[in-house]
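> This is a predicted model, with the sequence first.
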Amino acid sequence: MDVASDAVPIAELLDERRHLLDVARRISGSHRDAESVIDETYRRWYALTDAERARIASPRDWLSRTAGGICLGRPATPDRARNAGTGVPGTGHDELTDIVRRRLQARRSGPADSWEHDAVVRALGEACAAGDAAALVSALSPDAMAVFDGGGKVRTLVRTVHGGRQVAHSLLTLLGPHPRTSLTAQSVNSRTGLVVRCDHTVAAVVSLDVTDRRVAQVWAVLNPEKLRRWNRSPDR
């Protein structure tokens, strides 16, 4: 299966999660319970095999039915509900993505100079915003790699994407032109990265490693919990 073909536009991801939270809140009557229901819903999604997910014609409908079923079937004790159906066995999402990130960092050759890094990142961002596939491919190393960290809380790519063209396809699907999204270059982990907003909410933060004047590694954080500090009001 082509991993990159499973990418979903970021506006769709946010709409899907908001819809599921609304469904869970209406049934459970509790925001806290709704959050844990959605976590369990996505755990069950990722517990499916690739083949099982591929056979689901409408993931959003499947997720909605699953969330509703969890709400209706929940026992009175929240602890038991949280422990039911662990979903992804073995290594959890956060631990897995941390392992992958360490491996990606270990592959780095010398980092680009600051001016070179900024120029390449801005070029890649402009290509995404314009939906320019050719420019995006030229900004990526042929053996580029990308990790999309949804933390199991949004329906995004699970496995690392390999190859410049495959990474370009994933980025265009996720970050390409959309009337509700904007993409800006700004400081991410002390280097220029990309911040994606949907309806004025930060929906993704992208770190990039540049080698030989091309982007070699992409790390996109879409986990809502990890993005909370980016969405805090300035006066807090």
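Received it, and whenever you're ready, just let me know what you need.
> Just the endpoints, please. Distance across stretch 44-61?
End-to-end distance for stretch 44-61: 14 Å, by Cα to Cα, to the nearest Å.
> buried residues in it?
Across stretch 44-61, burial judged by 16 or more other Cβ atoms under 10 Å covers Arg44, Trp45, Arg53. Any C-beta I mention is one placed from the backbone N, CA and C, and that applies to glycine too.
> and the one helix or strand the first one maps to, what other elements does it pack with?
Read that as Arg44. Per DSSP states H and E: Arg44 is located in helix 31-47. Judged by 3 or more Cβ pairs under 8 Å, 6 or more residues apart in numbering; DSSP states H and E, helix 31-47 is in contact with helix 10-28, helix 59-73, helix 78-83.
> Let's see that with 10 Å instead.
Under the contact criterion of 3 or more Cβ pairs under 10 Å, 6 or more residues apart in numbering; DSSP states H and E, helix 31-47 touches helix 10-28, helix 50-54, helix 59-73, helix 78-83, helix 93-106.
> The one helix or strand Leu183 maps to to helix 10-28, inter-axis angle?
If you go by DSSP H and E, Leu183 is part of strand 181-188. Between the axes of strand 181-188 and helix 10-28, defined by axes from the mean of the first three to the mean of the last three Cα atoms, to 10 degrees, the angle is 100 degrees.
> centre of the chain versus the helix or strand following strand 181-188, how much separation?
Sequence order places strand 191-198 as the next helix or strand after strand 181-188, per DSSP H and E. Relative to its chain's centre, strand 191-198 lies at 13 Å (Cα atoms, centre = their mean, to the nearest Å).
> I'd like the next helix or strand past strand 191-198.
Per DSSP H and E, the first helix or strand lying C-terminal to strand 191-198 is strand 201-211.
> And that following strand, what's buried?
So for strand 201-211, counting by 16+ other Cβ under 10 Å, buried means Val202, Ala203, Ala204, Val205, Val206, Ser207, Leu208, Asp209, Val210, Thr211.
> re the thing from before, out of the buried residues of stretch 44-61, the closest to Glu225 would be?
Trp45 (17.2 Å; Cβ to Cβ).
> Give the other helices and strands that the strand holding Leu183 contacts.
Short answer (3+ Cβ pairs under 10 Å, 6+ apart): strand 181-188 packs on helix 10-28, helix 114-130, helix 164-175, strand 191-198, strand 201-211.
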